[in-house]
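Engineer: sequence below, structure please.
(2 chains)
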Amino acid sequence: MAGVATSGRRRSRVAPYLLVAPAIVYLVIFFVVPIWSLFRTSLSSNAGSVFLPELKFSWEWSNYGDALSDFRNQILRSFWYATVATVVCLVMAYPLAYVIAFKSGRYKNLLLGLVILPFFVTFLVRTLAWKTILADDGWVVDALDAVGLLPREGRLLSTSWAVIGGLIYNFVPFMVLPLYVSLEKIDPALLEAARDLYSSSWRAFRRVVLPLSMPGLLAGSLLVFIPASGDFINADYLGSTQTRMIGNVVQQQFLVVKDYPAAAALSFLLMAIILVAVLAYTWALGTEDLV
Amino acid sequence: MAATPTVEARPSADVAGVPPRAARRRGRPGRLGDLVLRLVAGLVLVYLFIPIAVIVAFSFNDPAGKFNLTWKGFTLDNWADPFRYSQLTEALWTSLQVAALSTAVSIVLGTLVAVALVRQRFSGDKLVETFLVLPLTAPEVVMGASLLTLFLDLGWNRGFGTIVIAHIGFEVSFVALTVRARVRGLDWTLEDAAMDLGAPPLRTFLRVTLPMIVPGIVAAAMLSFALSLDDFIITFFNSGSTVTYPLYVNAATKASLPPQINVLATTILLVSLLLIGVVTLWQRRRLTT
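Structural biologist: Below is the predicted model of the structure:
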């Protein structure tokens, strides 16, 4: 921002709006209007037949009640899976982000590169790889069986654990990166100071590092929780009919059953619950500063 | 790490800077703790790689049936014939076209916003920033579904065009935020310096502004391209009968999974790594000259 004050004289007042306009107009047309259209659909009723739906906007709030009662299990399951995945991602990502930020020396960039490496392999293919790894005759199942840790279903595929595991795997880099960014900003001198003032390293972590990494922790949690609660690929590839999530229902209602109002209402419920969860979480962590 | 030593009194709420009485100096931070930390971090990295290793390994698999999900034996046949399934090759080609086209548009839209946000304060700039983040906070399934309802309302046929439109929609925000992050610390007074020294505006833009923001644009373009190539959920809702690479893979999971999927996935990985290497070297050279 250093240049702003000194070089303001030649800047035109209209220029920034001209620069911003194309993207904003695009996002209004292809993000805001569609959301509005989805909202209208969620309050419409079907006046036509199943095969030739003819939607009529009629303030049909019962779509929401129906969606809540029809798909209560999928809604609860989605948020349960997403919560577990977020917590596990946090537990896994924190040590990694910490080591990259404070202890990696000249290998920092290499390690960061390794964290984003999975992004260069298609999401779906990565998830399919877990299908191979967790297969009934695979070595993971054998190993777990040998030590008696196999879930009571006697297998891993098609269980909740497989779906949650898939979610964790696909979203853990989204937790590592923001955590790393906020940890990296911490001045090591603060840690030295804590130590000089006779703090144990655990306490220095709790009183200095952890509070300062809150923005990253919040951003990372959102980047995991939001896509995880709306995902349907992991449930589709690694789960069974017993592990279906909101995303599966929305997808099926939209593209197979073509019950657009129900699907739209469910989409809005998903967003509303995410919004409430995010606000509560932000409030609980006491930070509003993302990155 | 997990257990707090109980002998240690909880920190009192008094002013920071007063050494708590109960605290004992432990000397150097625990060697053991450090080792455990590194070990955990290493294990997480290994975990990130397991599926990738499986994908690469299974590109050399000689599957007995239609599904390349169990290891049967080593073969080089898949690599000798990567384009054996013409629909798969076509799908990948479609994906590359979608990615190139949508990235080209989103780079222009996103860079303009980023430059406006970084260079100058204007009323409403905070609003623009918040607005840019919004599409990133909506779950993909909602983005896909909402675009579908729009296209249905408009009566548009879904296909290549609607896929590109949808991809630009989510790429713009990523591009704008990435470019903004990368050009934030730049010294914009250099532009003034150039103009003070008599450079006309166009020349200033080409010789000063553009070289400053190009690395940010390149990073954003690579991100945008990768996101587009990888997108499944939003595309799935708006594809009509057009098939992209992820859509092909998804359809294949129901019918037959040829090892060529792994061959192409591995190739994409290698090409990406190569590109990143080249760009990194190029930027390092730019810095030294």
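
Engineer: what about stretch B:57-77, start to end distance?
Structural biologist: Taking CA to CA, to the nearest Å, the first and last residues of stretch B:57-77 lie 13 Å apart.

Engineer: quick check: closest non-adjacent residue to the residue of the stretch 101-250 of chain B found nearest chain A.
Structural biologist: Closest residue of the stretch 101-250 of chain B to chain A, CB to the nearest CB: residue B:139 (2.7 Å). For glycine as for every other residue, the C-beta is placed from the backbone atoms N, C-alpha and C. Residue nearest to residue B:139 in three dimensions, not counting chain neighbours: residue A:230, with 2.7 Å by CB to CB, 6 or more residues apart in numbering or on different chains.

Engineer: so what's the residue count around the one you found?
Structural biologist: Close neighbours of residue A:230, defined as other CB atoms under 10 Å in any protein chain shown, add up to 26.

Engineer: so for it, what's the pLDDT?
Structural biologist: On the pLDDT scale, residue A:230 is placed at 93.

Engineer: that one contacts residue B:143, correct?
Structural biologist: No. Using CB atoms under 8 Å, residue A:230 is not in contact with residue B:143, being 9.2 Å away.

Engineer: just how off-centre is stretch B:182-189 within its chain?
Structural biologist: 23 Å (CA atoms, centre = their mean, to the nearest Å).

Engineer: ok, stretch B:164-178 next?
Structural biologist: 11 Å.

Engineer: for residue B:247, give me phi and psi.
Structural biologist: Here is the backbone geometry of residue B:247 (degrees, to the nearest 10): phi -70, psi -40.

Engineer: that one: what's it in contact with?
Structural biologist: Contact partners of residue B:247, counting by CB atoms under 8 Å, 6 or more residues apart in numbering or on different chains, are B:91, B:232, B:235-236, B:239.

Engineer: greatest separation within these: which pair is it?
Structural biologist: Farthest-apart pair in these is B:91 and B:236; separation 13.1 Å (CB to CB).

Engineer: list the buried residues for stretch A:70-79?
Structural biologist: Residues of stretch A:70-79 classed as buried by neighbour count (16 or more other CB atoms under 10 Å in any protein chain shown): A:71, A:74-75, A:77-79.

Engineer: returning to that earlier point: and the residue of the stretch 101-250 of chain B closest to chain A, how many neighbours?
Structural biologist: For residue B:139, the neighbour count with other CB under 10 Å is 25.

Engineer: go ahead and confirm it touches residue A:232.
Structural biologist: No. In this structure, residue B:139 is not within contact of residue A:232 by CB under 8 Å, at 10.1 Å.

Engineer: mutual contacts of those two, please.
Structural biologist: Residues touching both residue B:139 and residue A:232 (CB under 8 Å, 6+ apart): residue A:247.

Engineer: hang on, residue A:108 in a strand?
Structural biologist: No. Read with DSSP: H, G, I helix; E, B strand; the rest coil, residue A:108 is helix and lies in no strand.

Engineer: can you get me a residue count around the nearest residue to it once chain neighbours are set aside?
Structural biologist: Nearest residue to residue A:108, sequence neighbours excluded (CB to CB, 6+ apart): residue A:100, at 6.1 Å. Residue A:100 has 25 neighbouring residues, counting by other CB under 10 Å.

Engineer: ok, residue A:100 touching residue A:110?
Structural biologist: No. Using CB under 8 Å, residue A:100 is not in contact with residue A:110, being 9.7 Å away.

Engineer: all strands for chain A, in order.
Structural biologist: Counting by DSSP state E, chain A has strands at residues A:44-46, A:55-57.

Engineer: deepest-packed of the ones you listed, please.
Structural biologist: strand A:44-46 (a mean of 18; mean count of other CB atoms under 10 Å in any protein chain shown).
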